[in-house]
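Peer 1: output the structure for:
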Amino acid sequence: MHRVYEHLGSGRTRRRSASLIRTGVESCQPRPRDLTNRRIDVRVLLAVAAKAGTPSGVLDEAVKRAEDLIKQAFPVPEETISAAARRLGGTALLSWGNEGPDSARADLVVDGGSRALGVTGTLLDWDDARKLLEADAMGDVVPGIRGCFAAVRVEPGRATAVTDMTRACGLFHAETPEMHIVGTRALLVHLLARRNAPIRWDVRALQTMVRQGYFLSDETPFEGVRALPPSSTLVIGEDGARLTTRPLPQPEPVPETRGGKKRAVEGLAEALVGTLRRRFDEPINLALTGGRDSRLMASLLHAAKVPFRATTNGLDDHPDVVIARQIAAKLGVEHTVIPPKRTEKRDAVLVEHPLLRTFEVLRTCEGMTSAYESIVEYLPYSSKPTMSGQSGEILRGGFLYSQGNPSPKAMKRRVDAFFLKDEALFTDEANAHARDLASAWQERADGDPAQVLDHLYVTYRVGRWHAAARAGSLRRGDAVQPFLDNRVVAAALALDPMWRRSEEVVFELIGMFAPQLRRIPLEGSEWRFRSERTPSRWERLLSRREPAKPAAAAPKKPKKGAWNWRTSPGERLTAVLREGVLGNDVLWDIVRKDAVEEMFAGPVVKQPALAWNLYTVGAMLAGLYPGPRPDDLRPVEVLIPSGDGA
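Peer 2: Numbers count the residues shown, from 1 in each chain. This next block holds a predicted model:
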């Protein structure tokens with residue numbers, strides 16, 4: 001039987017790992033004045049910088065209009081919003097939050113006299129806000145700051161905006177003849193740039209939203225508004241705007257010795273433990289599944305001695321529920337299962353009407369995430385901390401985690417497929433634009449396709465999809481997200497992506513933090529470094545010489561392929577999606593109508609994710625949001641197949 005420390009070394013190295021964890025746990029204790037316990041969470045930031053020669057009244061008008069528009073752009077009840085602002089020369093910084101009165105809340109605007117700073121996301125140490133405020137070159141201090149954040153700073157005649165390595169806290173920029181606008185909500189930036197004109201959609205850019213359900217570019221749904229890249233600095237001055245971007249870290253070769261591998265994994269373990277260096281006033285609620293990433297978070301919390309409870313969504317016999325229950329029992333933590341709503345006969349689940357679901361996704365994610373995704377619904381802000389395994393694929397090679405065939409040729413085909421998926425469904429113009437977006441990545445893939453799949457994940461899956469989707473959770477509370485920490489991402493990307501793809505790195509981390517979880521089965525496939533391992537010559541000889549032995553009794557693994565209404569929508573939900581997609585003539589500049597009609601020809605759509613993407617983009621272009629919330633729409637019943645939890 002494989003043992004975790006057969007990879008990492010002797011008992012001495014095991015003791016060293018335990019010492020490293022203990023040191024990290026000690027560093028989790030709050031320091032004097034509790035500077036590490038300041039929360040930022042979701043903030044709507046907006047900076048406006050007037051161009052030289054622009055009358056002061058233009059800036060006054062922009063500030064007033066932004067204050068009027070915030071109720072459309074911030075997806076929380078208007079009465080929960082607090083605001084702060086600072087005017088400095090020809091610049092203005094506005095910041096809004098919804099945390100309410102809270103002694104642990106960081107200032108909406110950090111005032112530095114001749115400068116003002118706004119931060120959204122999380123800083124592990126609030127002292128770092130002072131570094132961002134005082135640095136001559138703001139972008140130079142970002143790589144050394146712990147947390148997941150974006151920041152905007154203004155001073156007379158100048159504005160600066162920075163993103164971290166993942167840009168999971170997104171920033172958006174637009175320019176008009178009179179001013180530059182940069183902010184955390186793309187809709188607000190666009191409406192301000194348009195002044196009193198209606199929204200103008202960037203229809204060409206939306207082709208990637210239909211293909212993937214998020215953007216594979218820095219484009220947005222709004223014409224003239226673009227997202228800042230990862231690790232970027234935008235400096236706006238009297239001489240115009242200048243954007244600089246730091247490349248993502250380059251990986252080191254896979255260590256050749258067990259000790260070398262051990263030290264490499266220890267560096268990542270130390271970075272993960274360091275993300276919990278703050279005080280938690282009550283247990284963290286961990287969204288736990290049967291997969292790898294939330295299991296790693298459970299083991300991290302266990303090692304750091306941070307109290308937590310676990311929650312799993314699903315029917316009682318779903319693999320996620322079955323395995324999560326085992327993990328919670330092994331760690332001795334409370335576990336709660338939240339089943340989906342079902343009919344009285346329990347033969348169907350009740351799904352929120354797609355138009356209502358889409359309205360909330362558009363309102364929260366601004367048209368940059370498909371309603372196929374389950375976005376956390378709004379609840380009043382709570383300081384109770386939450387955690388999940390979202391974006392843990394960063395530690396498993398990014399998109400390499402789902403790359404079955406690791407040959408260079410297959411990986412290059414995968415890169416092509418990201419940008420040109422379902423090519424026959426799209427118009428010639430949409431496909432031409434997709435090829436333009438793909439070209440730079442395809443050129444890089446000719447040299448190193450593995451790194452391209454790794455960096456594509458951080459740049460777009462995290463930097464665009466997760467950045468949009470996480471607005472739902474951040475608006476309602478304290479989200480603890482170790483996988484998105486600046487230092488954790490840097491430490492992960494410094495490890496060879498194919499080594500991370502093998503899942504050995506994550507397995508060893510779990511072994512360091514909570515070795516008792518190693519034998520609990522995974523939902524889905526086995527650990528990849530085991531399933532893809534080539535048997536040794538000795539093992540091959542033994543298999544030929546020894547008769548087959550009866551399989552030893554093993555813990556019962558949950559059945560694969562458990563039913564899910566999103567991937568098996570049934571006839572009733574398909575009919576609603578079909579009517580929504582084909583009932584509005586707004587998509588035919590992006591996709592071919594005849595191909596879409598063929599896609600929906602059967603009683604149950606065979607590509608449900610694509611159907612939801614079409615429904616989302618169609619509803620947005622038809623004017624669903626901004627606008628009033630639809631009323632009087634009943635839930636849709638989706639029948640549960642016999643034997644799947646009915």
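Peer 1: low-confidence stretches in the stretch 351-500 of the chain?
Peer 2: The model of the stretch 351-500 of the chain has no residue with pLDDT under 70.
Peer 1: those helices in it, which residues are they?
Peer 2: For the stretch 351-500 of the chain, the helices defined by DSSP state H, counting those that start in this stretch occupy 354-365, 408-420, 428-445, 449-456, 467-469, 471-474, 486-493, 497-501.
Peer 1: looking at those helices, which is closest to residue 130?
Peer 2: The closest of these to residue 130 is helix 486-493. By Cβ to Cβ, the value is 16.9 Å. From N, CA and C alone the C-beta is placed, and that goes for glycine too.
Peer 1: what angle do helix 449-456 and the closest one make with each other?
Peer 2: Going by axes from the mean of the first three to the mean of the last three Cα atoms, to 10 degrees, helix 486-493 is angled at 160 degrees with respect to helix 449-456.
Peer 1: tabulate the helices of the stretch 351-500 of the chain (JSON lines), appending mean neighbour count and distance to residue 623.
Peer 2: Output for the helices of the stretch 351-500 of the chain, formatted as JSON lines (neighbours: other Cβ atoms under 10 Å; distance: least, Cβ to Cβ, whole Å):
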{"stretch": "helix 354-365", "mean neighbour count": "22", "distance to residue 623": "10"}
{"stretch": "helix 408-420", "mean neighbour count": "17", "distance to residue 623": "29"}
{"stretch": "helix 428-445", "mean neighbour count": "16", "distance to residue 623": "21"}
{"stretch": "helix 449-456", "mean neighbour count": "24", "distance to residue 623": "32"}
{"stretch": "helix 467-469", "mean neighbour count": "26", "distance to residue 623": "20"}
{"stretch": "helix 471-474", "mean neighbour count": "23", "distance to residue 623": "21"}
{"stretch": "helix 486-493", "mean neighbour count": "23", "distance to residue 623": "38"}
{"stretch": "helix 497-501", "mean neighbour count": "23", "distance to residue 623": "43"}
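Peer 1: in TSV, list those helices along with distance to residue 47.
Peer 2: Formatted as TSV, these follow (distance: least, Cβ to Cβ, whole Å):
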stretch	distance to residue 47
helix 354-365	22
helix 408-420	32
helix 428-445	28
helix 449-456	28
helix 467-469	18
helix 471-474	19
helix 486-493	22
helix 497-501	36
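Peer 1: and of those helices, who's closest to residue 84?
Peer 2: Short answer: helix 471-474, nearest of those by Cβ to Cβ, at 18.2 Å.
Peer 1: with just CA atoms, put whichever helix or strand residue 193 is part of into CSV.
Peer 2: According to DSSP states H and E, residue 193 maps onto helix 186-194. Provided in CSV are the C-alpha atoms of helix 186-194 (Å, rounded to 0.1, in the frame of the first residue of the first chain):
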residue,chain,number,x,y,z
ALA,A,186,-17.9,47.0,-15.0
LEU,A,187,-21.5,48.1,-15.3
LEU,A,188,-20.9,51.2,-13.1
VAL,A,189,-17.8,52.1,-15.2
HIS,A,190,-19.8,51.7,-18.4
LEU,A,191,-22.8,53.7,-17.3
LEU,A,192,-20.6,56.5,-16.1
ALA,A,193,-18.7,56.6,-19.3
ARG,A,194,-21.9,56.6,-21.3
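Peer 1: by how many degrees do that helix and helix 354-365 diverge?
Peer 2: Between helix 186-194 and helix 354-365, the angle comes out at 70 degrees (the same axes, to 10 degrees).
Peer 1: buried residues in helix 186-194?
Peer 2: Neighbour-count burial for helix 186-194 flags 186, 187, 188, 189, 190, 191, 192, 193, 194 (criterion: 16 or more other Cβ atoms under 10 Å).
Peer 1: nearest residue to the third one in space, please, no chain neighbours.
Peer 2: Excluding its sequence neighbours, the residue lying closest to residue 188 (Cβ to Cβ, 6 or more residues apart in numbering) is residue 73, at 3.7 Å.
Peer 1: burial count for that neighbour?
Peer 2: 23 (other Cβ atoms under 10 Å).
Peer 1: wait, it touches residue 184, no?
Peer 2: No - in this structure, residue 73 is not within contact of residue 184 by Cβ atoms under 8 Å, at 9.2 Å.
Peer 1: who touches both of these two?
Peer 2: residue 44 (Cβ atoms under 8 Å, 6 or more residues apart in numbering).
Peer 1: name the spans of this protein whose pLDDT lies under the cut-off.
Peer 2: 1-41, 102-104, 342-344, 536, 539-562, 643-646.
Peer 1: how is it divided into domains?
Peer 2: 34-245, 398-453 (automatic domain parsing).
Peer 1: host element of residue 596?
Peer 2: Per DSSP H and E: helix 593-599 holds residue 596.
Peer 1: packing partners of that helix?
Peer 2: helix 570-582, helix 608-621 (3 or more Cβ pairs under 8 Å, 6 or more residues apart in numbering; DSSP states H and E).
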